[in-house]
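Chemist: show me how the following folds:
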Amino acid sequence: MKNIERKLKKIDATGKTIGRMATSIALTLHGKMKPEYQPNLDLGDIVEVSNIAKAKFTGKKLGQREYHHYSGYLGGLKSQKMSAVFDKNPGEVLYKAVREMLPPTKLRNDMLKRLIIK
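Modeler: Presented below is the predicted three-dimensional model:
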(Lines give C-alpha, C1' and ligand atoms only; values in the text may rest on other atoms or scores of the structure.)
Protein backbone atom coordinates (compact mmCIF):
# COMPACT_ATOMS: atom_id res chain seq x y z
CA MET A 1 0.00 0.00 0.00
CA LYS A 2 1.30 3.45 -0.83
CA ASN A 3 1.81 6.21 1.72
CA ILE A 4 -1.38 7.99 2.71
CA GLU A 5 -1.23 11.77 2.55
CA ARG A 6 -3.29 13.21 5.40
CA LYS A 7 -4.22 16.88 5.39
CA LEU A 8 -5.21 18.98 8.41
CA LYS A 9 -8.70 20.45 8.29
CA LYS A 10 -9.43 23.16 10.88
CA ILE A 11 -13.01 23.91 11.93
CA ASP A 12 -14.21 26.81 14.08
CA ALA A 13 -17.32 25.71 15.99
CA THR A 14 -18.52 29.20 16.88
CA GLY A 15 -22.24 29.43 16.07
CA LYS A 16 -22.42 26.05 14.32
CA THR A 17 -24.77 23.25 15.31
CA ILE A 18 -23.23 20.06 16.70
CA GLY A 19 -25.03 17.61 14.41
CA ARG A 20 -24.22 19.29 11.10
CA MET A 21 -20.64 19.76 12.18
CA ALA A 22 -20.39 16.11 13.26
CA THR A 23 -21.57 14.82 9.86
CA SER A 24 -18.92 16.76 7.96
CA ILE A 25 -16.25 15.68 10.48
CA ALA A 26 -17.28 12.01 10.17
CA LEU A 27 -17.11 12.15 6.36
CA THR A 28 -13.66 13.76 6.50
CA LEU A 29 -12.30 11.26 9.06
CA HIS A 30 -13.64 8.36 7.02
CA GLY A 31 -12.11 9.73 3.80
CA LYS A 32 -15.30 9.75 1.74
CA MET A 33 -14.42 13.11 0.20
CA LYS A 34 -11.35 11.66 -1.53
CA PRO A 35 -11.46 10.12 -5.03
CA GLU A 36 -9.37 7.11 -3.91
CA TYR A 37 -11.90 6.18 -1.16
CA GLN A 38 -12.28 2.50 -0.31
CA PRO A 39 -14.48 1.36 2.58
CA ASN A 40 -11.92 -1.14 3.89
CA LEU A 41 -9.06 1.39 4.08
CA ASP A 42 -8.52 4.27 6.49
CA LEU A 43 -7.75 7.16 4.13
CA GLY A 44 -9.24 10.05 6.10
CA ASP A 45 -7.71 13.37 7.07
CA ILE A 46 -6.96 14.98 10.44
CA VAL A 47 -9.67 17.28 11.85
CA GLU A 48 -9.02 19.97 14.47
CA VAL A 49 -12.04 21.67 16.07
CA SER A 50 -11.71 24.86 18.11
CA ASN A 51 -14.14 26.97 20.19
CA ILE A 52 -16.42 24.00 20.88
CA ALA A 53 -17.88 25.75 23.93
CA LYS A 54 -19.42 28.36 21.59
CA ALA A 55 -21.35 25.82 19.52
CA LYS A 56 -25.12 26.14 19.47
CA PHE A 57 -27.98 23.71 19.94
CA THR A 58 -31.38 23.98 18.31
CA GLY A 59 -34.62 23.21 20.09
CA LYS A 60 -34.63 21.67 23.56
CA LYS A 61 -31.80 19.19 23.00
CA LEU A 62 -29.69 20.35 25.94
CA GLY A 63 -32.47 19.79 28.45
CA GLN A 64 -34.10 16.68 26.97
CA ARG A 65 -31.44 14.47 25.39
CA GLU A 66 -29.78 11.94 27.69
CA TYR A 67 -26.69 9.78 27.46
CA HIS A 68 -26.99 6.28 28.92
CA HIS A 69 -24.29 3.96 30.24
CA TYR A 70 -24.98 0.40 31.35
CA SER A 71 -22.50 -1.38 33.60
CA GLY A 72 -23.93 -4.84 32.97
CA TYR A 73 -25.23 -5.32 36.51
CA LEU A 74 -28.79 -5.11 37.78
CA GLY A 75 -29.70 -1.48 38.36
CA GLY A 76 -26.53 -0.42 36.59
CA LEU A 77 -28.12 1.92 34.05
CA LYS A 78 -26.82 5.45 34.53
CA SER A 79 -28.14 8.48 32.67
CA GLN A 80 -26.85 12.00 32.25
CA LYS A 81 -28.50 14.94 30.54
CA MET A 82 -26.68 16.52 27.62
CA SER A 83 -26.52 19.84 29.46
CA ALA A 84 -24.54 18.26 32.33
CA VAL A 85 -22.10 16.60 29.92
CA PHE A 86 -21.70 19.84 27.92
CA ASP A 87 -21.04 21.89 31.07
CA LYS A 88 -18.42 19.42 32.28
CA ASN A 89 -16.65 18.84 28.94
CA PRO A 90 -18.09 20.46 25.77
CA GLY A 91 -15.87 18.36 23.51
CA GLU A 92 -17.41 15.12 24.80
CA VAL A 93 -20.77 15.93 23.16
CA LEU A 94 -19.14 16.39 19.75
CA TYR A 95 -16.94 13.31 20.25
CA LYS A 96 -19.96 11.10 21.00
CA ALA A 97 -21.87 12.47 18.01
CA VAL A 98 -18.95 11.83 15.63
CA ARG A 99 -18.29 8.37 17.11
CA GLU A 100 -21.86 7.23 16.43
CA MET A 101 -21.69 8.51 12.84
CA LEU A 102 -18.61 6.45 11.98
CA PRO A 103 -18.99 2.79 10.98
CA PRO A 104 -18.65 0.29 13.86
CA THR A 105 -15.57 -1.47 12.48
CA LYS A 106 -12.00 -1.99 13.62
CA LEU A 107 -11.02 1.23 11.85
CA ARG A 108 -13.26 3.49 13.98
CA ASN A 109 -10.78 3.92 16.87
CA ASP A 110 -7.99 4.90 14.49
CA MET A 111 -10.29 7.44 12.83
CA LEU A 112 -11.25 8.95 16.17
CA LYS A 113 -7.59 9.36 17.14
CA ARG A 114 -7.32 11.90 14.32
CA LEU A 115 -10.09 14.07 15.82
CA ILE A 116 -8.55 16.90 17.86
CA ILE A 117 -10.97 18.93 19.98
CA LYS A 118 -9.67 22.10 21.62
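
Chemist: where are the low-confidence patches of this structure?
Modeler: Scanning the chain for pLDDT under 70 picks out 1.

Chemist: and the helices in it?
Modeler: According to DSSP state H, the chain carries its helices in the segments 18-30, 61-64, 82-88, 90-101, 108-112.

Chemist: list the contacts for the residue nearest to Lys16 when sequence neighbours are not counted?
Modeler: The shortest distance from Lys16 to any non-neighbouring residue, by CB to CB, 6 or more residues apart in numbering, is to Ala55 (5.9 Å). Where C-beta positions appear, they are placed from N, C-alpha and C, glycine not excepted. Residues near Ala55 by CB atoms under 8 Å, 6 or more residues apart in numbering: 13-18, 21, 90, 94.

Chemist: near Ser79, how many other residues are there?
Modeler: Per other CB atoms under 10 Å, the neighbour tally for Ser79 reads 10.

Chemist: for Met111, same thing?
Modeler: 22.

Chemist: I'd say Leu102 and Gly31 touch.
Modeler: No: in this structure, Leu102 is not within contact of Gly31 by CB atoms under 8 Å, at 11.1 Å.

Chemist: what is Leu77 paired to in the beta sheet?
Modeler: In this entry, Leu77 is beta-bridged to Tyr70, by DSSP bridges.

Chemist: which residues touch it?
Modeler: Leu77 makes contact with 68-71, according to CB under 8 Å, 6+ apart.

Chemist: nearest to Lys2 among those?
Modeler: Lys2 has its nearest neighbour among the contacts of Leu77 in His69, at 40.7 Å by CB to CB.
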